[in-house]
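Enquirer: sequence isn't available, so here's the structure alone:
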């Protein structure tokens, strides 16, 4: 049997990121100025985004013996993940420099994490899916622990690591069941085997339960959400900003690859599991967020609730549902970048603006920042005319279209409960008086401009969501229909 | 019962007994030694399954390297087993119930019939397992293989980033600087004039 050289062109963005990460490690060792690695990271992410766009093709391309797929949905998500990582880096530069974390290792880990996301997004094989998850998770564990003298960060990293290892175990166990069933690790072949249904259905459901549990953990959906608040709270805010944004796109891709590429014929089985997970996530996330006095913890619970909403779109199982979910993931990342960026913006050397009290009377101190934060909060709550409203609306529309009216009503009710704690921040900023000893606000100019653009994008996309929505619909359509 | 079955049951019995010893042994060193035996026996079972490469790797990596590290750690740490074992009998009934239920559930689902598996044809004697694995790793699975390598690189970067500390007050000497030193830099002679010893004070007398 002769060996055919695989077509490496579709994997060019991944190859580029990997090579540049290695270059960065070398540069870090030999060059003294710390900004060199920062600039290389930004350049790499930009380059990767550009390569993704220029090598993209409309029809899905499989290579590396069916392990890698390059389709429009994947390209779109990779592009968004690259952009989200760039924005996160620009926001966190000053914060990292103040805390002596602006080191080459940090940026190398960021690049490896982005590589892990890209691998997940382009996986068409259980093996690559799992390796992508591990590459991303391992980089994130190390990033959380990088602030070594902070007991809180170390504890968070330990929890993340142990629970992550457990989740990987569940995922692998489920995958091994499905492998036993279908005799192949390739997602399309698994789908064919499940479709033909020659093997025992019980084994399929058994494997599916484990795979969905592992997926739930990686998404941070209840009842596998326990790690989210502790990690968001314990990690340095710059790392929280990174964890809470781009990896959510990878998690969405992970769910799509696993459930739609691999297990679409078992749609009826996983739909019910996702419905339970979505309702629990929205309930726990929204109710627990009300109790929090720390904004990072509150945003962590709000993430859980948002992931529940994301699952709703996937479970409706239609073109409208998948594209609504994708739109939701992208806009959630946009809002999340803004809010965590704001937490970073208000922090300064030796001080973290992470308590809700720190936001009291922000309007009196800095009206423009309060306006941006207000827009982000209203968008997260899902109020028109901000983009959060449209994202929730399309998900609910697809849900009703698929005949899940009851679930849609539950989702709306929990969103109403959730609106309380977002509006509380708006109230704190506009109607309370600031502390007398409030810390001064200082941040680099590039981050300040970007934060304004970010806040305005939430409003602009809310007024004109059609273009992004059309892109999402088209990319799902080209990839699956 | 043919010869292969006899060997299998013999190895399986040793494996189960040694695995039990791992969790029942009072002395942690004995537990680690029982684990070595369990690994070794499992390697024997893999040999029966025609997985020679995996069997040898298990012995080399786990018995040869990992368990030696384990033993080192066990010997260095002063573990009080009585402390760890407290509450063992209290939890046993409930834990036993959970374990029993899990076993029943897994027996219902696992097993060859549910997967529709039949025993594969044995390979000829000159079939090289190692060669076949190597061929697959570098052709069909090259992408996954490279990714695994990247994960190891990340582990290395993370380990160094998390443990390398630069302390300001280390008494470290740069060998190159040390070698470059010349006599002229370090030693200089002072021409002291000879002088008389001072007169002794009067109190001594």
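Expert: Cool, got the structure. Since this is a predicted model, take the numbers as computed values, not measurements.
Enquirer: chain A contacts on chain B?
Expert: Within chain B, the positions near chain A by Cβ under 8 Å from any Cβ of the partner chain are B:108-109, B:114-117, B:139-144, B:147-148, B:150-151, B:153-155, B:157-158, B:160-162, B:165. Using the backbone N, CA and C atoms, a C-beta is placed for each residue, glycine as well.
Enquirer: so among those, which ones count as buried?
Expert: Neighbour counting with 16 or more other Cβ atoms under 10 Å in any protein chain shown marks B:114-115, B:139-144, B:147-148, B:150-151, B:153-154, B:157-158, B:161-162 as buried within the residues of chain B next to chain A.
Enquirer: what about the helices in the stretch 251-400 of chain A?
Expert: A:267-290, A:295-315, A:319-346, A:362-365, A:367-381, A:387-401 (DSSP state H, counting those that start in this stretch).
Enquirer: ok, residues contacting the helix or strand where residue B:17 lies?
Expert: Assigned by DSSP states H and E, residue B:17 belongs to helix B:3-24. Residues external to helix B:3-24 that are found in contact with it (Cβ atoms under 8 Å, 6 or more residues apart in numbering or on different chains): B:30, B:31, B:34, B:35, B:37, B:38, B:41, B:42, B:44, B:45, B:48.
Enquirer: return the members of those residues classed as buried.
Expert: Using 16+ other Cβ under 10 Å, the buried ones in these are B:31, B:34, B:35, B:37, B:38, B:41, B:42, B:44, B:45.
Enquirer: out of those residues, which sit inside helices?
Expert: B:31, B:34, B:35, B:37, B:38, B:41, B:42, B:44, B:45 (DSSP state H).
Enquirer: what about the first one, distance to residue B:85?
Expert: Taken as Cβ to Cβ, to the nearest Å, the spacing of residue B:31 relative to residue B:85 amounts to 12 Å.
Enquirer: was I right to think residue A:241 contacts residue A:89?
Expert: No. Shown here, residue A:241 and residue A:89 do not form a contact pair, counting by Cβ atoms under 8 Å, at 9.4 Å.
Enquirer: of the two, who's got more company?
Expert: Using other Cβ atoms under 10 Å in any protein chain shown as the criterion, residue A:241 and residue A:89 rank with residue A:241 on top: 27 against 21.
Enquirer: okay, and the more buried one sits in which element?
Expert: helix A:237-243.
Enquirer: let's have the buried ones among the contacts of helix B:3-24 in CSV, adding pLDDT.
Expert: Shown next, in CSV, are these (pLDDT from 0 to 100):
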residue, pLDDT
B:31, 88
B:34, 93
B:35, 93
B:37, 94
B:38, 95
B:41, 95
B:42, 95
B:44, 94
B:45, 94
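Enquirer: let me know the closest of these to residue A:312.
Expert: residue B:42 (45.3 Å; Cβ to Cβ).
Enquirer: count the residues that sit near the closest residue to the closest one other than its chain neighbours.
Expert: Take residue B:42 and drop its neighbours on the chain: the residue closest to it by Cβ to Cβ, 6 or more residues apart in numbering or on different chains is residue B:15, 6.0 Å away. Look at residue B:15: counted by other Cβ under 10 Å, it has 18 neighbours.
Enquirer: the residue of the stretch 351-481 of chain A found nearest chain B: which element?
Expert: Nearest residue of the stretch 351-481 of chain A to chain B, counting by Cβ to the nearest Cβ: residue A:479, 19.9 Å away. Using DSSP H and E, residue A:479 maps to helix A:466-480.
Enquirer: tell me the angle of that helix relative to helix A:387-401?
Expert: Inter-element angle recorded for helix A:466-480 and helix A:387-401: 40 degrees (by axes from the mean of the first three to the mean of the last three Cα atoms, to 10 degrees).
Enquirer: show me which residues of helix A:466-480 are buried.
Expert: Under the neighbour-count criterion of 16+ other Cβ under 10 Å, helix A:466-480 has A:468, A:469, A:471, A:472, A:473, A:475, A:476, A:478, A:479, A:480 buried.
Enquirer: cool, and stretch A:152-161?
Expert: For stretch A:152-161, by 16+ other Cβ under 10 Å, it's A:153, A:154, A:156, A:157, A:159, A:160, A:161.
Enquirer: among the buried ones among the residues of chain B next to chain A, which are located in strands?
Expert: With DSSP state E as the criterion, strands contain none of those.
Enquirer: how close does the most centrally placed residue in chain B get to chain A?
Expert: The centroid of chain B falls nearest to residue B:66 when counting by Cα atoms, centre = their mean (2.6 Å). Taking Cβ to the nearest Cβ, to the nearest Å as the measure, residue B:66 falls 17 Å from chain A.
Enquirer: phi, psi of that residue?
Expert: phi -70, psi -40 (degrees, to the nearest 10).
Enquirer: and if you look at residue A:292?
Expert: Given degrees, to the nearest 10, the pair of backbone angles that residue A:292 has is phi -80, psi 140.
Enquirer: equivalent analysis for residue B:188, please.
Expert: The phi and psi values for residue B:188, taken as degrees, to the nearest 10, are phi -140, psi 140.
Enquirer: so what's the residue nearest to residue B:47 when sequence neighbours are not counted up against?
Expert: Nearest residue to residue B:47, sequence neighbours excluded (Cβ to Cβ, 6+ apart): residue B:55, at 4.6 Å. Applying Cβ under 8 Å, 6+ apart to residue B:55 gives the contacts B:43, B:44, B:46, B:47.
Enquirer: any idea how far residue B:146 is from residue B:152?
Expert: 11 Å.
Enquirer: I'd like to know how far residue A:114 sits from chain B.
Expert: Distance of residue A:114 to chain B, given as Cβ to the nearest Cβ: 12 Å.
Enquirer: sec struct for the nearest residue to that residue once chain neighbours are set aside, please.
Expert: Computed as Cβ to Cβ, 6+ apart, the closest residue to residue A:114 that is not its neighbour in sequence is residue A:85, at 5.3 Å. Here residue A:85 is recorded as helix under DSSP: H, G, I helix; E, B strand; the rest coil.
Enquirer: give me the neighbour count for residue A:85.
Expert: 27.
Enquirer: does it touch residue A:242 like I think?
Expert: Yes. Shown here, residue A:85 and residue A:242 form a contact pair, counting by Cβ under 8 Å, at 7.2 Å.
Enquirer: joint contacts of those two?
Expert: Joint contacts of residue A:85 and residue A:242 (Cβ under 8 Å, 6+ apart) are residue A:110.
Enquirer: right, and residue A:244 touches residue A:299 too?
Expert: Yes. Using Cβ under 8 Å, residue A:244 is in contact with residue A:299, at 7.2 Å.
Enquirer: what is in contact with the two at once?
Expert: A:232, A:336, A:340.
Enquirer: what's the closest of those to chain B?
Expert: residue A:232 (20.2 Å).
Enquirer: got phi/psi on residue B:191?
Expert: phi -90, psi 100.
Enquirer: any idea how far it is from residue A:374?
Expert: 83 Å.
Enquirer: which of those two has more residues huddled nearby?
Expert: Per other Cβ under 10 Å, whichever of residue B:191 and residue A:374 has more neighbours is residue A:374, with 19 against 4.
Enquirer: right, and that one touches residue A:429 too?
Expert: Yes. Between residue A:374 and residue A:429 there is a contact under Cβ under 8 Å: 6.5 Å.
Enquirer: quick check: closest non-adjacent residue to residue A:141.
Expert: residue A:161 (4.8 Å).
Enquirer: related to what we said a few turns ago, so the residue of the stretch 351-481 of chain A closest to chain B sits against residue A:76, correct?
Expert: No. In this structure residue A:479 lies outside contact range of residue A:76 using Cβ under 8 Å: 9.1 Å.
Enquirer: what residue lies at the spatial centre of chain A?
Expert: Central residue of chain A (Cα atoms, centre = their mean): residue A:248, at 1.2 Å.
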